[in-house]
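>>> all I have is the shape, not the residue letters:
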Ligand code: THU
């Protein structure tokens, strides 16, 4: 959604600590809406696009366990379906039986996000005071590509 006041990529990096926490707060608020009756592990993701818009997602589980989807990919799907392709940062937050927990993105999500750029800054941590930040290429180096990109 628009209007969260993050601005473009440059302004996000200008106030990196505070903006990381703000994006993480959005992810954490969203985690409460996750549908995770089987694992009890609720995840929220907030994806900041280069145009300043933010799209959120949650994990959605299913009685057929393999049919579930992670929060990072639901956030990315919302953004992509709105025509967004360029992303600045993604924050991920989790609640394990109601308590905050760290949630580094899984391998499938790393590959999925990598389709849209390796520079995406991924932010996660057990709470807003203990955030870790990595560019996606550090989380999934030498990822699969159909063709070598120039
Ligand atoms: N999960 C996510 O939403 N993101 C991740 O990167 C890791 C795991 C979800 C999937 C499942 O619903 C629950 O967390 C427990 O694995």
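Perfect, thanks for sending it. Predicted model only: the values in this text are computed from it and were never measured. Residues are numbered from 1 along each chain as shown.
>>> how about the helices in this protein?
Here the chain has its helices, by DSSP state H, at 9-14, 16-31, 71-81, 107-114, 136-139.
>>> what residues does this protein have near the ligand?
36, 39, 41, 43, 59, 61, 68, 70-72, 103, 105-106, 109 (Cβ under 6 Å from any ligand atom). From N, CA and C alone the C-beta is placed, and that goes for glycine too.
>>> which of those residues fall within strands?
Per DSSP state E, strands hold the following members of the residues of the chain next to the ligand: 41, 43.
>>> in stretch 81-99, what counts as buried?
84, 87-95 (16 or more other Cβ atoms under 10 Å).
>>> follow-up on the earlier one: and the helices of the chain, which is most packed in?
Neighbour counts (mean count of other Cβ atoms under 10 Å) averaged over each of the helices of the chain peak at helix 71-81, with a mean of 21.
>>> closest one to residue 50 out of the buried residues of stretch 81-99, please.
Checking those against residue 50 by Cβ to Cβ gives residue 88 as the nearest, at 5.4 Å.
>>> what distance do you get for that closest one to residue 70?
Separation of residue 88 from residue 70 (Cβ to Cβ, to the nearest Å) stands at 20 Å.
>>> do the same with residue 14
Separation of residue 14 from residue 70 (Cβ to Cβ) stands at 30 Å.
>>> what number of residues lie near the nearest residue to residue 21 once chain neighbours are set aside?
Closest residue to residue 21 apart from its sequence neighbours, by Cβ to Cβ, 6 or more residues apart in numbering: residue 128 at 4.7 Å. Neighbour count for residue 128, taken as other Cβ atoms under 10 Å: 18.
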